[in-house]
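*Asks:* okay, predicted coordinates and the sequence, questions at the end:
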Amino acid sequence: MATPRLDNDLAAVGAGLDALDAPNQEQRPSLGRRFLRTAVPPLIAFALLLGVWQALWAAAFWPEYQLPSPSSVWAAVAEAIETGRALDVLWTSVHRAVLGFLTAVLIATPLGLLIAKVRVVRAAIGSLLSGLQSLPSVAWVPAGILWFGATPSTIYFVVLMGSVPSIANGLVAGVDQIPPLLPRVGQALGAGRLAAARHILLPAALPGYLAGLKQGWAFSWRSLMAAEIIATSPQLGEGLGQYLHNGSSLNDISMVIAAIFLILLVGVGIELLLFRPLERAVLRARGLTGAL
Amino acid sequence: MTATLEPAAQSTLDAAVTLSSVRKSFGHGANSVLALDGVDLRVAPGEFVCLLGASGCGKSTLLNLVAGLDAPTSGSIRLTTSRPAVMFQEAALMPWLTAARNVELPLRLAGLKRGARREKAGELLSLVRLAEAGHKRPHELSGGMRQRVALARALASTLGSAEEGTPGLLLMDEPFAALDAITRDVLQAELVRVWRETSTAILFVTHDVREAVRLAQRVVLLSSRPGRVVREWSTVDGDEPALINDITTRLREVISGHAAA
């Protein structure tokens, strides 16, 4: 008679502790409020920038061919959009960047895992890979042109040289930051080497890996622009870089600024639409809400 | 011949784990440290044994050896159970998985189908009274709840992966040391309840004499540097306060023996 009662008491104490000790869950603010908080400040900043630009242009400190008015840049962008040129140019560049980036992910992921887990490999090429990150990928363009000619191969080569080190290094950093207890738990639960990589190592390293992917995307995009600006040939078609190059050749500052604007737009757009939400979802699931 | 063989076969059969003259040293040559020196220990199936000792007695080393995370320098360890499960001082749940998925992880590694995994994990979570918390992530749970999820996961790895009927073995390395007193008290009682319901053998490491006497059927005292079995006590029919006194006195003797050396 006494034992079940005691057991029930204990269950009640346990349930009370669970209720008291479990951390409170923060309520997510409503969609409208989140929009106000995240979208309005950058819009205001952008408007201010436009205002300053307009004022500087109106004050006519610099000649028109150096500082165009916002409206003439807008006209250049609008014209490119209307004639369909903008879409062609964007498509050429973005699909190259995405293809190059995906290839880089396929190469860098096993490479990063090898460097992180095999001591000899790390000793042999670990520092080389970090060093490659500080080498501007433009430096590969002349070599690429000599090796592959002014062909898409050169472009992809430069993109890969730019993004593979970032992605691999991100993965290595992610693996290095895994608490040592987790792989041990995996071993104790019966995970072999491959299963441990798939079920413990990769998911545990995901935040670092994602940071590497984000940086890798930025590097592939800017490597691509560098390659497109320098290597121009009819074979390559017209990407954003060539568009910028043409603007420069025509001494058309509005077109140059319009090109820069479009390059930025793609970079910011991919970051906001793809990487930011992905990173947030991953960090939020792990209770790492500090940076959000 | 048969007379000498039979007791040996007998003793392996009715033991979950048998350690015979297990030695473990770390490092080589002059720098090598002897952690365990000739440890003999037998845990019967379904028995609850506490290993007690001050720091440096090689308690954790011993658990690692039994868990197969490390190999003994000499001596042998024989297991008749399924894969032993280990619980650490920290819950060490995978932060990217929900509580239920954490419990499912060892079943997944053992190659169980999804439906079977779900069902087994559900059973084990209700065993530790967390049936409602399966969808929560580790950061949404309190320390005590996390440790209960870890217990369910450990049980999954020793019970779930084996065929029915194979006895389980649970190795616990000071699992409640990082918890506050009330939570620890509740969890100790929960552990005893779970142990009775699952009839798993438990090898539990602690430095807390009260905890050892409260939980275990048998308390084994280890000496420090190197670890050797000093003495054993049965707690089944004993006067608890007297036993605690007795063990504490002996533990103090073992520790103060190091001041002279």
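*Replies:* Perfect, I can see it now. Residues are numbered from 1 along each chain as shown, chains lettered A, B, ... in the order given.

*Asks:* quick one, what contacts the most centrally placed residue in chain B?
*Replies:* Residue closest to the average C-alpha location in chain B (C-alpha atoms, centre = their mean): residue B:171, at 2.2 Å. Going by C-beta atoms under 8 Å, 6 or more residues apart in numbering or on different chains, residue B:171 touches B:63, B:66, B:67, B:84, B:85, B:86, B:87, B:202, B:203, B:205. Any C-beta I mention is one placed from the backbone N, CA and C, and that applies to glycine too.

*Asks:* what does the stretch 151-292 of chain A put close to chain B?
*Replies:* A:179, A:181-182, A:184-185, A:187-191, A:195, A:199-200, A:203-204, A:206, A:282, A:285-287 (C-beta under 8 Å from any C-beta of the partner chain).

*Asks:* repeat that with 10 Å
*Replies:* A:179, A:181-182, A:184-192, A:195-196, A:198-200, A:203-204, A:206-207, A:282, A:284-289 (C-beta under 10 Å from any C-beta of the partner chain).

*Asks:* among the residues you listed, which lie within helices?
*Replies:* A:181-182, A:184-188, A:195-196, A:203-204, A:206-207, A:282, A:284-285 (DSSP state H).

*Asks:* which of those residues has the most neighbours?
*Replies:* For those, the largest neighbour count, defined by other C-beta atoms under 10 Å in any protein chain shown, is 27 neighbours, found at residue A:185.

*Asks:* surely that one and residue B:95 touch.
*Replies:* No - the criterion here is C-beta atoms under 10 Å, and residue A:185 misses it with residue B:95 at 11.9 Å.

*Asks:* need the residues touching each of those two.
*Replies:* A:179, B:102 (C-beta atoms under 10 Å, 6 or more residues apart in numbering or on different chains).

*Asks:* closest residue of the stretch 51-200 of chain B to chain A?
*Replies:* residue B:139 (2.8 Å; C-beta to the nearest C-beta).

*Asks:* quick one, strands of the stretch 1-150 of chain A?
*Replies:* Assigned by DSSP state E, counting those that start in this stretch, the stretch 1-150 of chain A shows no strands.

*Asks:* verify the stated contact: residue A:177 with residue A:212.
*Replies:* No - using C-beta under 10 Å, residue A:177 is not in contact with residue A:212; the gap is 12.0 Å.

*Asks:* which residues do these two both contact?
*Replies:* If you check residue A:177 and residue A:212 against C-beta under 10 Å, 6+ apart, the residues they both contact are residue A:205.

*Asks:* more neighbours: which of the two?
*Replies:* The residue with more neighbours, out of residue A:177 and residue A:212, is residue A:212; 26 against 11, by other C-beta under 10 Å.

*Asks:* pretty sure the residue of the stretch 51-200 of chain B closest to chain A contacts residue B:95?
*Replies:* Yes - counting by C-beta under 10 Å, residue B:95 is a contact partner of residue B:139 at 6.6 Å.

*Asks:* and for these two, which residues touch both?
*Replies:* Common neighbours of residue B:139 and residue B:95 (C-beta under 10 Å, 6+ apart) are A:285, A:286, A:287, A:288.

*Asks:* distance of residue A:180 from chain B?
*Replies:* For residue A:180, the distance to chain B equals 10 Å [C-beta to the nearest C-beta, to the nearest Å].

*Asks:* tell me, how many residues neighbour that residue?
*Replies:* Around residue A:180 there are 7 residues (other C-beta under 10 Å).

*Asks:* what about it, distance to residue B:153?
*Replies:* Using C-beta to C-beta, to the nearest Å, residue A:180 is found at 18 Å from residue B:153.

*Asks:* any low-confidence regions in the stretch 151-292 of chain A?
*Replies:* Where the stretch 151-292 of chain A drops to pLDDT under 70, the residues are A:290-292.

*Asks:* quick one, domains of chain B?
*Replies:* B:17-23+B:33-81+B:168-261, B:95-166 (automatic domain parsing).

*Asks:* please identify the most buried of the ones you listed.
*Replies:* Sort these by mean neighbour count, taking mean count of other C-beta atoms under 10 Å in any protein chain shown, and domain B:95-166 sits at the top with a mean of 20.

*Asks:* which SS class is residue B:82?
*Replies:* Under the three-state scheme (DSSP: H, G, I helix; E, B strand; the rest coil), residue B:82 adopts coil.
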